[in-house]
Every structure is written in structure tokens, then in C-alpha cells.
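*Asks:* Model the following, please.
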Amino acid sequence: ARQPEVKSPVVLPPSSPVNRNTIGCIFPLTGRFGDAGGKALDAVLLTAEIFDQRFPSPWKIIVADSGDSAEKIKEAVAYLADQKRVMAIIAISGTAEANDAAREAQKRQVPLIMIASKEGVTEAGEYVFQHFLTPTQQIEALTKYARNTLNVGIFSVLYPQDDYGEEMVRHLRSEVQKTGGKVDKAIPYNKTQTDFTEQIKTLTGNKIETSETVYATTQDAQNSLSVGFEALFIPDSVLRVKMITSQLAFYDVKGLKLLGPSLWHSPDLTKKGVEYLEGASFVDSFLVNGFLPQTNDFVDIHYSAYGREPGNIEALSYDTMEMVLSILEDQQIKTRAEFIRALLALEGFPGATGSISFGGNRVAQKGAFILRVQNGKIEQVK
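*Replies:* Numbering: from 1, shown residues only. A predicted model of the protein is given here:
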């Protein structure tokens with residue numbers, strides 16, 4: 001019997017004509033992250049002014065659903081690159097699928113700008129860019145702020161025993177070492193834990209009282225314990241951070257400067273238990289009440305279009321599409337290779353998420369928003 005013919009995917013050379021005014025978007029519109037994908041889509045359509053009745057938009061946006069799987073994201077890259085001949089692709093991806101999307105874009109030779117936290121994703125090749133405040137950038141910004149503004153030299157860490165927690169501790173050690181500081185203790189805990197007494201004991205060098213008599217002692221003994229470090233970094237979600245900080249307060253471990261990653265930035269932060277986080281600092285790439293004019297403009301436009309405040313994912317998506325369209329405004333740019341050169345040359349692009357430049361590694365260089373809990377609310381420090 002004759003074997004059925006298997007067609008290999010067509011890989012087009014980058015010089016073949018592309019639809020220069022067509023941009024592809026790959027968002028998870030179904031599955032676990034469907035909500036985030038829908039919000040990202042709203043934001044890019046707003047940038048491209050697709051629904052502006054007065055002036056027809058010159059841009060065509062083609063959207064593909066990446067669902068929950070690496071296979072779907074690869075298919076979406078192939079479809080947009082080869083069949084729809086888009087000039088460039090903007091994609092939102094989880095850490096698991098990020099490398100698959102990057103490799104596929106490199107193979108198809110289509111510029112791909114990834115809104116993903118995965119470190120090293122641009123190593124797939126010269127067609128892959130990343131627009132996200134990466135864990136490395138978060139730690140750099142946080143340690144710089146802690147050193148220069150909070151005068152912190154000695155840090156300790158309480159961290160979840162998982163890939164993310166361990167990665168953040170590595171970055172912190174490396175960054176603190178560069179600045180001549182020191183990480184005193186790095187203490188892991190189990191992800192399912194709710195009682196952190198043992199970790200707090202280790203953190204304080206067994207100085208805590210575990211009996212209830214701690215509340216019956218003199219006022220002197222109730223003053224905050226002296227520990228051998230100045231700041232405590234907790235790279236975890238708001239739920240666990242609140243558990244830990246309330247238990248630190250219970251054992252009178254007070255007066256520490258609390259530091260966190262962008263994971264802390266959640267509406268739940270300022271709900272019950274926020275008093276234990278008063279004065280804490282963390283980083284992110286966006287704040288609705290931020291003080292940059294571009295941030296305020298974006299929030300106003302988004303609110304008038306959709307009747308709700310945007311979050312981080314909308315702001316990053318909006319800025320990414322703004323960058324793409326600002327490059328394509330130049331009619332001289334006709335090929336994907338020319339688009340890549342222009343994106344690499346982009347410097348200090350004023351976005352809702354701050355100033356954006358692409359360096360040689362094609363990872364967006366972003367100034368992080370330093371955020372602080374002040375009077376139970378989140379405010380931008382710088």
C-alpha cells in the first residue's frame with residue numbers, strides 16, 4: 001500500500017513579502033488563563049484604535065488562541081507566520097510554553113515579542129524579544145532601592161521550597177554580593193505550610209518565646225526583638241506573605257523592612273491583615289495610581305473604553321502594541337529583518353509601564369515601579 005504523503009511545514013525565508021500592516025497576537029483566550037488573555041486582547045485593540053468609527057485604522061490584528069498547551073502555541077506561531085504572513089507577533093505565555101513559542105518563531109523567522117516571565121527565552125535566537133519585568137530585573141531594582149534609600153546592607157529570606165523561590169534566592173544572593181551586602185539567612189518552607197514557628201525561630205536565632213506568657217511580660221520584653229539583619233525578603237503570594245507577617249508580629253519580630261517581588265501586587269494585599277505589611281516595599285511594572293503621565297493617560301483611555309481599571313497584563317500588552325505600531329509608522333520598514341533592526345534601536349520608549357529600551361539580548365530594559373504599603377494603601381515611591 002502507498003504511504004500517505006506527509007507534508008512538512010513550509011518555512012518561508014524572511015525576504016518573502018509580508019503583510020506589513022498586519023500584526024499577529026497569540027493570547028490564551030480559553031482555559032485557565034482565558035481571563036488574562038481576554039484582557040490583553042482588549043488592550044491591544046485599544047492601542048490599534050480598531051473600533052474608532054471616525055478614522056478607519058490602517059492596522060489589521062489577527063488573533064490566535066493558545067489555550068493551555070505548548071502544541072497550540074506552536075501551531076499559532078506557524079499559522080500567523082506562514083499563512084497570514086504577519087509582520088510581527090505579540091504573545092502572552094506561561095513559563096512552560098515560552099521556549100516552545102520562541103523556538104517556533106525563530107524557525108519561522110518571524111519577530112516575536114513575548115510577554116512572559118521566563119528567564120532566557122530570547123536565547124532561542126535573533127527573532128525573539130521579551131517585554132516583561134523579569135525576576136532578575138525585579139531583584140536588581142529592589143536591592144538597589146533597599147541599599148540606596150532604605151540603607152539596608154544585610155538581608156534574610158523566607159522562601160517557598162519550589163523552583164520560583166529558589167530562583168529568587170539565587171538572584172538575591174548574586175545581586176546583594178555585587179553591592180557589597182550580605183544575605184544572612186535563607187530559610188525554606190513547604191508550600192502547603194500554615195505554621196511558620198520553626199522558620200521564625202531559625203530566623204531570630206531561637207530568640208522567640210513560644211508560650212503565651214510572652215504577652216504577660218514587661219513592656220521592655222515586648223519591644224521588637226533584635227535580629228542580625230535589616231530586611232526580610234519573602235518571594236511568595238500575598239496569601240502566604242500575610243500568614244508569615246501576622247506570625248512575625250505575634251512573636252514580636254518587628255521593625256524589619258519587608259521586601260517582596262511583583263507577586264505581592266494583588267488587590268488582596270490591601271484587604272484583611274494589611275497592617276502587618278505597613279511600610280513594606282515591592283516591585284512591579286505598573287500601578288493604576290502611578291505618577292507617570294503615560295500611566296495616567298492609559299488608565300483614562302482604558303477606563304472610558306471598558307468601564308474598568310486596567311492591570312499589569314493590560315498595560316504590558318498595550319505598551320507592546322504601541323511599540324510595534326510606532327515602528328511600523330515608518331513606511332520605510334517593509335521586511336521582518338528591518339522591523340527587528342528598528343526594535344533593537346528602540347530607546348527610552350515612553351510607555352504606561354515606564355521607559356522601555358531593547359538591549360543586545362533583546363530583553364526589554366525597564367525601570368521598575370517601586371511600590372510601598374502606606375496607610376494601608378499601595379503607592380508608587382519611584
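
*Asks:* Residue 65: how many residues sit nearby?
*Replies:* Neighbours of residue 65 under the rule other C-beta atoms under 10 Å: 18. Glycine gets a C-beta too; all of them are placed from N, C-alpha and C.

*Asks:* Pull the contacting residues for the nearest residue to it once chain neighbours are set aside.
*Replies:* Distance criterion C-beta to C-beta, 6 or more residues apart in numbering; nearest residue to residue 65, sequence neighbours excluded, is residue 29 at 4.2 Å. Contact partners of residue 29, counting by C-beta atoms under 8 Å, 6 or more residues apart in numbering, are 37-38, 41, 63, 65-67.

*Asks:* Quick one, which of the residues you listed are buried?
*Replies:* 37, 41, 63, 65-67 (16 or more other C-beta atoms under 10 Å).

*Asks:* Restricted to strands, list those residues.
*Replies:* 63, 65 (DSSP state E).

*Asks:* I'd like to know how far the residue nearest to residue 65 sits from residue 353.
*Replies:* 22 Å (C-beta to C-beta, to the nearest Å).

*Asks:* Equivalent analysis for residue 193, please.
*Replies:* Residue 193 is 34 Å from residue 353, by C-beta to C-beta.

*Asks:* same question, residue 129
*Replies:* 15 Å.

*Asks:* what's the answer for residue 191, then?
*Replies:* 30 Å.

*Asks:* Which one of those two is surrounded by more residues?
*Replies:* More crowded of residue 191 and residue 353, by other C-beta under 10 Å: residue 353, with 28 against 13.

*Asks:* tell me which helix or strand of this protein sits lowest on mean pLDDT?
*Replies:* helix 219-222 (a mean of 42; mean pLDDT, DSSP states H and E).

*Asks:* how distant is the next helix or strand after that one from the center of its chain?
*Replies:* Using DSSP states H and E, the helix or strand that follows helix 219-222 in sequence is strand 231-233. Relative to the centre of its chain, strand 231-233 is centred 20 Å away, using C-alpha atoms, centre = their mean, to the nearest Å.

*Asks:* Can you give the strand pairings for strand 231-233, parallel or anti for each?
*Replies:* Using DSSP bridges, strand 231-233 pairs in its sheet with strand 154-160 (parallel), strand 257-260 (parallel).
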